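Participant: prediction below, plus the sequence it came from.
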Amino acid sequence: MVNILIISHSLKIAEGTKELAEEMKQDEVDIQIAGGINNGELGTDADLIEQKLQNMDYKDGIVVLADLGSAVMSFNMVKEWLPEEKQKLIRLANAPLVEGAVLGAVEASLGKNLEEVMATIEENSIINKNNL
Amino acid sequence: MVNILIISHSLKIAEGTKELAEEMKQDEVDIQIAGGINNGELGTDADLIEQKLQNMDYKDGIVVLADLGSAVMSFNMVKEWLPEEKQKLIRLANAPLVEGAVLGAVEASLGKNLEEVMATIEENSIINKNNL
Amino acid sequence: MVNRTKKLLLKTAAVIIENKEYLTELDAAIGDGDHGINLARGFKKLKEKLEKENFEGRDELFKLTAMTLISNVGGASGPLYGTAFLNISKVISDNKLDLDDLVEIAEESIAGIQKRGKAEAGEKTMLDTIIPAAESLKHSRANKVDLETALNNCLEKAAEGMKSTIEMQATKGRASYLGERSIGHQDPGATSSYLMIKTFIKSYLN
Amino acid sequence: MVNRTKKLLLKTAAVIIENKEYLTELDAAIGDGDHGINLARGFKKLKEKLEKENFEGRDELFKLTAMTLISNVGGASGPLYGTAFLNISKVISDNKLDLDDLVEIAEESIAGIQKRGKAEAGEKTMLDTIIPAAESLKHSRANKVDLETALNNCLEKAAEGMKSTIEMQATKGRASYLGERSIGHQDPGATSSYLMIKTFIKSYLN
Ligand SMILES: Nc1ncnc2c1ncn2[C@@H]1O[C@H](COP(=O)(O)OP(=O)(O)O)[C@@H](O)[C@H]1O
Ligand SMILES: Nc1ncnc2c1ncn2[C@@H]1O[C@H](COP(=O)(O)OP(=O)(O)O)[C@@H](O)[C@H]1O
Ligand SMILES: [Mg+2]
Ligand SMILES: [Mg+2]
Ligand SMILES: [Mg+2]
Ligand SMILES: [Mg+2]
């Protein structure tokens, strides 16, 4: 099963997104978060990202959702510290944080593979809010 | 100045998004939230959305960001209850919640008008996380 | 008339509250697992209000139902059922309720739900219960079927409609996220619609 | 040598901490107003660690600096400066520090920052201080300028580079959200880079 890591500058956003995504998952997808710094301030904690990526099961892949550029930068750095075969299985999605996490959780819990989950959440239609 | 309403199923997401967006704003943009139901449960509270839209200054327009379909449905309903000239100035963006709020707050605080703010946050490139 | 309608709405509230777990389980399979919780929260509030206040006309009762669901349900079914009941409140009269009225009520409900949710028949939603029920009423009217038979037929069609959602793939609402994997599960909203229609019809027939 | 470098890093920490408010104000104008806070948090931690531990070589010192900034800064400047210092730790030697070494250090810093941030010169970032400083060192080496003059020229070019960011439009980092409205403000990262370069060079010249 594909697992999901949510990286946000805000602990609240990360926690809320995890709750929202877990509501929709049908099966044992592991959704982890790395939110904020110092337990509540806004920022990215590279150590926390590393710790999560170290401990998550990555054999079927990990989809990473990040909010802003500096979170992406920290993630890219941490990713390079991992063994190469693991790096290949960890993918930063070109997807919106909240919407991508919710849809990604559903896709992953349906047993879709890494490519499939990525393809679905990277569709631009994910932000067409006016299209119910 | 264009103001911003953030509608999320999660109070935490709404609060965190407001904090993140306010960090970036350069001027007196009013960022309001309608997050969750019953002070913390996941859902959308139409009354809260109505209350926020009633009280916000809309003369330069209000950009609305919503997370999922049911938030959009509630918003559309509440919007129809408002006077027509107000309805025209309240726009639901085809934009991701968190990323749209942050970029929208910057745009609005630069004095951009409603059309300009909408155009910027509705660009698909907003979700190209891999493109620093 | 007003009192009978109030009793009907209280009965509906009781039925929804009784089925809270069942509806929630259905929603857990293809949604976020809250449909029963959502509707029970709304109808519990409605019950309290109905018990406290007195009402002049049926329109008032349905308007209260609409606004209470809108304010308290918290999920998509809030604006959907809320707008349906609001539309009903605009057309319902106090002195009669014949097949013409029932057709109008059914059509107004559908119009309200479609205004909010933009769904058509076959998208695995509450409409897949309500549209066949409305069609049945129209068919009965066209064929001058008596009211009791018309209501029995309508209930049968509503049940069929509800069950037809099992084989459908959802293309609206949260269940649509599941794509093909939404097939094989009965839609929670179609089920709550059936429960409401059944309560209305049974109480009418008694 | 190791002790001098430790002192240099402590001095750098002190300078950044002194300029916390200034850097934060610069970031408030075109970013999220935390650059000084971020760096001061990182360098305060570095100071604590430097004071507590003993070090074998300069590589160790720069590695510690890198990892401490990476772990504690919390903003884009964390991975950016962190990777720069990490690269420095890989090339720095304990026995000499001539113009060749300085060019190598400058180039490695730039490579580290570009690896993380993918920016070029002219995008209104820290690179607009560091790239001209590196070019100046290379120019001095090519022209066999003596070390003291080379360092003075380098500092001048770094200052010019920093100031050149005022007229630039940001196309990387948070300031790029402002588009044209980022013009007219000095980049916070370019400023902190200048402060660091100045500290390195002044301490070298003393
Ligand atoms: N666009 C729509 N049109 C009609 N009915 C819909 C639509 N979206 C969802 N529904 C109905 O709403 C039901 C779900 O309601 P509920 O669980 O209360 O809301 P939510 O999905 O917000 O949690 C679905 O089973 C479906 O019947
Ligand atoms: N892509 C990049 N490449 C190089 N430098 C960058 C980049 N993005 C940002 N910076 C630098 O980082 C500085 C901001 O750092 P800081 O405020 O600590 O981070 P954040 O933007 O995450 O709050 C900017 O002034 C700029 O010099
Ligand atoms: Mg639901
Ligand atoms: Mg829900
Ligand atoms: Mg900053
Ligand atoms: Mg920051």
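Facilitator: Ah, there it is. Ligands and ions are numbered 1, 2, ... in the order given.

Participant: in terms of helices and strands, where is the nearest residue to residue C:140 once chain neighbours are set aside?
Facilitator: Using Cβ to Cβ, 6 or more residues apart in numbering or on different chains and skipping residues adjacent in sequence, the residue nearest residue C:140 is residue C:150, 3.6 Å away. Where C-beta positions appear, they are placed from N, C-alpha and C, glycine not excepted. Counting by DSSP states H and E, the element that carries residue C:150 is helix C:147-164.

Participant: what sits up against that helix?
Facilitator: C:98-99, C:102, C:128-133, C:135-137, C:139-141, C:145, C:186-187, C:190-191, C:193-194, C:197-198, C:201, C:204-205 (Cβ atoms under 8 Å, 6 or more residues apart in numbering or on different chains).

Participant: please compute how far the helix or strand just after it lies from its chain's middle.
Facilitator: Using DSSP H and E, the helix or strand that directly follows helix C:147-164 along the chain is helix C:188-205. Here helix C:188-205 shows a centroid-to-chain-centroid distance of 7 Å under the convention Cα atoms, centre = their mean, to the nearest Å.

Participant: and the contacts of helix C:147-164, which of them are buried?
Facilitator: Among the contacts of helix C:147-164, the ones that count as buried by 16 or more other Cβ atoms under 10 Å in any protein chain shown are C:99, C:102, C:128-133, C:135-137, C:140-141, C:145, C:186-187, C:190-191, C:193-194, C:197-198, C:201.

Participant: so how far is residue C:196 from the residue nearest to residue C:140?
Facilitator: Look at residue C:150 and residue C:196: by Cβ to Cβ, to the nearest Å, they are 18 Å apart.

Participant: can you pull the residues of chain C lying near ligand 4?
Facilitator: Proximity of chain C to ligand 4 is confined to C:32, C:34, C:75 under the rule Cβ under 5 Å from the ion.

Participant: and the first one, how many neighbours does it have?
Facilitator: Neighbour count for residue C:32, taken as other Cβ atoms under 10 Å in any protein chain shown: 26.

Participant: for it, grab phi and psi.
Facilitator: phi -100, psi 10 (degrees, to the nearest 10).

Participant: show me what contacts the residue of chain A found nearest chain D?
Facilitator: The nearest approach of chain A to chain D comes at residue A:43, 3.1 Å away (Cβ to the nearest Cβ). By Cβ under 8 Å, 6+ apart, the contact set of residue A:43 is A:9, A:36, A:37, A:70, D:34, D:38, D:74, D:75.

Participant: the last one against residue A:68, yeah?
Facilitator: Put plainly, it is residue D:75. No. Using Cβ atoms under 8 Å, residue D:75 is not in contact with residue A:68; the gap is 10.3 Å.

Participant: out of those two, which sits in the busier spot?
Facilitator: Neighbours per residue (other Cβ under 10 Å) separate residue D:75 from residue A:68, with residue D:75 holding more: 29 against 26.

Participant: residues contacting the more buried one?
Facilitator: A:43, A:44, A:70, D:32, D:34, D:35, D:38 are the contacts of residue D:75 under Cβ under 8 Å, 6+ apart.

Participant: ok, which pair from those residues is furthest apart?
Facilitator: Farthest apart among the contacts of residue D:75 by Cβ to Cβ are A:44 and D:35. That separation is 14.2 Å.

Participant: skipping adjacent residues, who's closest to the closest residue to ligand 2 within chain C in space?
Facilitator: Using Cβ to the nearest ligand atom, the single residue of chain C nearest to ligand 2 is residue C:177, 32.4 Å away. With Cβ to Cβ, 6+ apart as the criterion, residue C:177 has its nearest non-adjacent residue at 4.4 Å, and that residue is residue A:106.

Participant: how close does the one you found sit to residue A:19?
Facilitator: Note on residue A:106: its distance to residue A:19, by Cβ to Cβ, is 15 Å.

Participant: and the two? which has more neighbours close in?
Facilitator: residue A:106 (25 against 18).

Participant: if we can go back for a sec, so the residue of chain A closest to chain D sits in a strand?
Facilitator: No. Using DSSP: H, G, I helix; E, B strand; the rest coil, the assignment for residue A:43 is coil, not a strand.

Participant: count of neighbours near the closest residue to it other than its chain neighbours?
Facilitator: Spatial nearest neighbour of residue A:43, chain neighbours left out: residue D:74 (3.1 Å); criterion: Cβ to Cβ, 6+ apart. Close neighbours of residue D:74, defined as other Cβ under 10 Å, add up to 26.

Participant: tell me the pLDDT at whichever residue of chain C sits closest to ligand 4?
Facilitator: At 3.8 Å from ligand 4, residue C:75 is the closest residue in chain C, using Cβ to the ion. In this model, residue C:75 is scored at 98, pLDDT.

Participant: and the one 4 residues further on, by the same measure?
Facilitator: Predicted confidence (pLDDT) at residue C:79: the value is 98.

Participant: contacting residues for residue A:128?
Facilitator: Contacts for residue A:128 (Cβ under 8 Å, 6+ apart) come out as residue B:94.

Participant: next, it: phi, psi?
Facilitator: Taking degrees, to the nearest 10, you get phi -80, psi 70 for the backbone angles of residue A:128.

Participant: over to the one 3 residues further on?
Facilitator: Geometry field for residue A:131 lists phi and psi as phi -100, psi 90, criterion degrees, to the nearest 10.

Participant: what do you get for residue A:90?
Facilitator: Main-chain dihedrals, residue A:90, degrees, to the nearest 10: phi -120, psi 120.

Participant: tell me the contacts of the residue lying closest to it once chain neighbours are set aside?
Facilitator: Using Cβ to Cβ, 6+ apart and skipping the chain neighbours, the partner closest in space to residue A:90 is residue A:62 (4.7 Å). With contact set as Cβ under 8 Å, 6+ apart, residue A:62 has these partners: A:2, A:3, A:4, A:5, A:53, A:56, A:89, A:90, A:91.

Participant: determine which two of those are furthest apart.
Facilitator: A:2 and A:53 (14.1 Å).

Participant: next, count neighbours for the closest residue to ligand 1 within chain A.
Facilitator: Proximity of chain A to ligand 1 (Cβ to the nearest ligand atom) peaks at residue A:132, 5.4 Å away. Residue A:132 has 17 neighbours, counted by other Cβ under 10 Å.

Participant: can you give me the distance of it to ligand 3?
Facilitator: In this structure, residue A:132 and ligand 3 are 15 Å apart, going by Cβ to the ion, to the nearest Å.

Participant: pLDDT value on that residue, please?
Facilitator: 79.

Participant: ok, is stretch A:102-120 in contact with ligand 1 or not?
Facilitator: No. On the criterion Cβ under 6 Å from any ligand atom, stretch A:102-120 is out of touch with ligand 1, staying 11.7 Å away.

Participant: what's the end-to-end length of that stretch?
Facilitator: Its start and end residues considered, stretch A:102-120 measures 11 Å (Cα to Cα, to the nearest Å).

Participant: repeat that for stretch C:71-78.
Facilitator: 8 Å.

Participant: phi, psi of the residue lying closest to residue C:1 once chain neighbours are set aside?
Facilitator: Distances taken as Cβ to Cβ, 6+ apart place residue C:94 nearest to residue C:1, at 5.4 Å, with adjacent residues excluded. Main-chain torsions, residue C:94, degrees, to the nearest 10: phi -90, psi -20.

Participant: quick check, residue C:94 in contact with residue C:55.
Facilitator: No. Counting by Cβ under 8 Å, residue C:94 sits too far from residue C:55 to count as a contact (10.4 Å).

Participant: what's the overlap in contacts for these two?
Facilitator: Contacts common to residue C:94 and residue C:55, judged by Cβ under 8 Å, 6+ apart, are residue C:2.
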